[in-house]
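Student: quick one, structure for this:
(one chain, ligands or ions: 1)
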Amino acid sequence: MKPPKVTIIGAAGGVGSALAHLLISAPEPYEVALIGRSPESVTGLLMDAESLAPLGRVPMVAHGGTVGFHDSDVIVVAASVPLAARVSRVDSIVGNAGTVHPYFCEIAKISANWNGYVIVVTNPVDVLSGWLQRHARIDRSRILGYSWNDTLRLRVAVARVLGTEASDVSAWAIGEHGDALVPLLSRIRANGTRVQLCARRRDEVLTDLRGYYARWGRLGVLRTTPWTTAGGVARMIHDITRGGVPDWTASMALDGEYGLHDVNVGIPVTRTARGALSAVEWKLDEPEYTALRHAASLIRQRVDSLGRL
Ligand SMILES: NC(=O)c1ccc[n+]([C@@H]2O[C@H](COP(=O)([O-])OP(=O)(O)OC[C@H]3O[C@@H](n4cnc5c(N)ncnc54)[C@H](O)[C@@H]3O)[C@@H](O)[C@H]2O)c1
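Tutor: Next up, the predicted model:
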């Protein structure tokens, strides 16, 4: 059987190159097509990959292009303007919208019968995935914004206060990948058992989670978090192409879930009995609903501000 084809846009960047490396090193094979800002940036990656062969692996990786979108199983959008120190994710909206615009226009031309998926990583991720969703003919379950890092960080923060392993924690952060994040502290489980955090521990968890981006910014390194992000995207690609059951959130256009319509917000994703991906709808408490509506309203305004593709 032909391996799934993954096209990565922004392949020479931190996230793009880490993801390409994970995919070509994965136990299950992928055909990986790379698109960079310049052909040379991709040629450099291919020269690097070539020398892996004596280690026993001949990577299936090549130059990619927009003409290869229609036969890709997954298109990952991770191109961006150069990172700047201490700016919020939203500050890059105009520059990044301009960067992804030509690719989005090509994706918008893909037939509505296309069976592939788009994973948008470029920030602000909810806004850009929502912008694409508004203009592409692709089903909402097939355009996903990458927002799982917040949930992963929440699980780490909860594990820290409970003194347990992060892999034993089930906890979810939904809403915006940004300041309007909605951590669902009412749904925490550790080793399968419901956990009620005391006020002090809740504060510790929220300070840890909400302070992550600022702590990272203070390091002054012009780097995002490519290892977590590429690891998360690689897991999503695995689940998408190999029928796995998601344990992740993604920014997906809602169609009535949580009382919201036509807006991309981070929500937990599941696989239906018919195999499609769909949004999980949980009953939230009132402050969580209010926070989610606030996040949705901010995201919608920002998508509106971008106008037509
Ligand atoms: N959603 C998330 O959780 C998450 C996590 C990490 C990073 N990000 C975002 O992902 C994006 C990429 O992050 P990064 O760390 O890889 O940044 P980076 O600066 O290392 O990489 C961006 C790459 O895009 C390339 N690029 C620019 N214009 C291009 C074009 N027209 N065509 C193809 N490639 C082009 C650049 O040359 C660069 O190689 C950023 O917007 C970042 O904020 C999102």
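Student: isn't Asp285 right next to Val182, touching?
Tutor: No. Using Cβ atoms under 8 Å, Asp285 is not in contact with Val182; the gap is 10.8 Å. C-beta coordinates here come from the backbone N, C-alpha and C atoms, glycine included.
Student: so if I had to pick from these two, which one is more boxed in?
Tutor: Neighbours per residue, other Cβ atoms under 10 Å: of Asp285 and Val182, the larger number sits with Val182, 24 against 11.
Student: and the more buried one, that's in a strand?
Tutor: Yes. Per DSSP: H, G, I helix; E, B strand; the rest coil, Val182 lies within a strand segment.
Student: just the endpoints, please. Distance across stretch 165-185?
Tutor: 17 Å (Cα to Cα, to the nearest Å).
Student: quick one: it to chain centroid distance?
Tutor: 14 Å (Cα atoms, centre = their mean, to the nearest Å).
Student: make 463 the starting number, not 1.
Tutor: Shifting the count to begin at 463 puts that one at stretch 627-647.
Student: check whether it comes near the ligand.
Tutor: Yes. Stretch 627-647 lies within reach of the ligand by Cβ under 6 Å from any ligand atom, at His639.
Student: for that stretch, buried residues please.
Tutor: 628, 631-640, 642-647 (16 or more other Cβ atoms under 10 Å).
Student: would you map the strands across the stretch 563-712 of the chain?
Tutor: Applying DSSP state E, counting those that start in this stretch to the stretch 563-712 of the chain gives strands spanning 579-582, 605-608, 631-632, 635-637, 643-645, 651-652, 655-656, 711-717.
Student: adding mean pLDDT, write those strands out as CSV.
Tutor: Listed next are the strands of the stretch 563-712 of the chain as CSV, based on pLDDT from 0 to 100:
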stretch, mean pLDDT
strand 579-582, 98
strand 605-608, 98
strand 631-632, 98
strand 635-637, 98
strand 643-645, 98
strand 651-652, 98
strand 655-656, 97
strand 711-717, 98
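Student: hey, what's Ser632 bridged with?
Tutor: Arg651 (DSSP bridges).
Student: quick check: the gap between it and Ser648.
Tutor: As for Ser632, its distance to Ser648 is 12 Å (criterion: Cβ to Cβ, to the nearest Å).
Student: ok, now Gly693?
Tutor: 27 Å.
Student: same thing with Ile600?
Tutor: Applying Cβ to Cβ to Ile600 and Ser648 gives a distance of 33 Å.
Student: neighbour-wise, which of these two wins?
Tutor: Ile600 (20 against 15).
Student: next one: phi and psi at that one?
Tutor: Dihedral pair for Ile600: phi -90, psi 140, per degrees, to the nearest 10.
Student: ok, now which ones touch it?
Tutor: Ile569, Ile572, Ala574, Trp576, Val580 (Cβ atoms under 8 Å, 6 or more residues apart in numbering).
Student: tell me which residues in stretch 728-742 are buried?
Tutor: So stretch 728-742, judged by 16+ other Cβ under 10 Å, has buried residues Gly728, Ile729, Pro730, Val731, Arg733, Leu739, Ser740, Ala741.
Student: repeat for stretch 608-625
Tutor: 608-621, 623-624.
Student: in helices, which of these fall?
Tutor: 610-621, 623-624 (DSSP state H).
Student: from Thr505, how far off is the residue lying closest to Tyr608 once chain neighbours are set aside?
Tutor: Excluding the flanking residues, the one nearest Tyr608 by Cβ to Cβ, 6 or more residues apart in numbering is Val583, at 4.5 Å. Separation of Val583 from Thr505 (Cβ to Cβ): 23 Å.
Student: and if you look at Ile486?
Tutor: With Cβ to Cβ as the criterion, Ile486 and Thr505 are 16 Å apart.
Student: could you check which of these two has the larger neighbour count?
Tutor: Ranked by neighbour count (other Cβ under 10 Å), Ile486 and Thr505 place Ile486 first, with 20 against 14.
Student: could you pull up the contacting residues of the more buried one?
Tutor: Counting by Cβ under 8 Å, 6+ apart, Ile486 has contacts Tyr492, Val494, Ala511, Leu514, Arg519, Pro521, Met522, Val523.
Student: ok, how many other residues are close to the fourth one?
Tutor: Right, Leu514. 15.
Student: tell me who's in contact with the closest residue to it other than its chain neighbours.
Tutor: Of all residues not flanking Leu514 in the chain, Pro521 sits nearest, at 5.8 Å (Cβ to Cβ, 6+ apart). By Cβ under 8 Å, 6+ apart, the contact list for Pro521 reads Ile486, Ser487, Val494, Ala511, Leu514, Ala515.
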